[in-house]
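# make a model of this:
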Amino acid sequence: MKNSKSTQRMCVGCREMKEKKDLIRLVRTPEGDYALDPVGKMNGRGAYICRNAECMEKAVKNHGFQRSFKGNVPKEALTLLETELNRRK
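Presented below is the predicted three-dimensional model:
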């Protein structure tokens, strides 16, 4: 019988490994645009973050998104992510 493992990813804010389904994914598409990936299957480079404001603050302060995307992230993308976090409260 196959032993199934849960998929885990690291939060760019708190840097803890968590279940993929418990995180939100921000994606830089091959065209260079940034979007939220609710399903986790979009093409492009992704970064995961917990669904709380504290991790968002840590990620911005510690440049977690810049580290994950290997460059600057537009403020519009971070605003989009903050809106999603506030909506899920």
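
# what's around residue 51, how many residues?
Residues lying near residue 51 (other C-beta atoms under 10 Å) number 15. (C-beta placed from N, C-alpha, C; glycine too.)

# likewise residue 48?
Neighbour tally, residue 48, other C-beta under 10 Å: 23.

# what residues sit buried inside the lengthiest helix in the chain?
Determined from DSSP state H, the single longest helix within the chain is helix 75-87. Neighbour counts over helix 75-87 (16 or more other C-beta atoms under 10 Å) mark 77, 78, 81, 84, 85 as buried.

# okay, the helix or strand of the chain with the lowest mean pLDDT in CSV with CA atoms only?
Every helix and strand of the chain was ranked by mean pLDDT, DSSP states H and E. The lowest is helix 75-87, at a mean of 91. The C-alpha trace of helix 75-87 is given here as CSV (Å, rounded to 0.1, in the frame of the first residue of the first chain):
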residue,chain,number,x,y,z
LYS,A,75,3.6,47.2,-4.1
GLU,A,76,0.5,46.3,-6.1
ALA,A,77,1.2,42.6,-5.6
LEU,A,78,1.7,43.0,-1.9
THR,A,79,-1.5,45.1,-1.7
LEU,A,80,-3.4,42.3,-3.5
LEU,A,81,-2.1,39.8,-0.9
GLU,A,82,-2.9,42.0,2.0
THR,A,83,-6.5,42.4,0.7
GLU,A,84,-6.8,38.7,0.5
LEU,A,85,-5.5,38.2,4.0
ASN,A,86,-8.0,40.9,5.3
ARG,A,87,-10.9,39.3,3.4
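
# centre of the chain to it, how far?
11 Å (C-alpha atoms, centre = their mean, to the nearest Å).

# got a list of contacts for it?
For helix 75-87, contacts defined as C-beta atoms under 8 Å, 6 or more residues apart in numbering pick out 24, 26, 34, 35, 36, 49, 51, 52, 53, 56, 60, 65.
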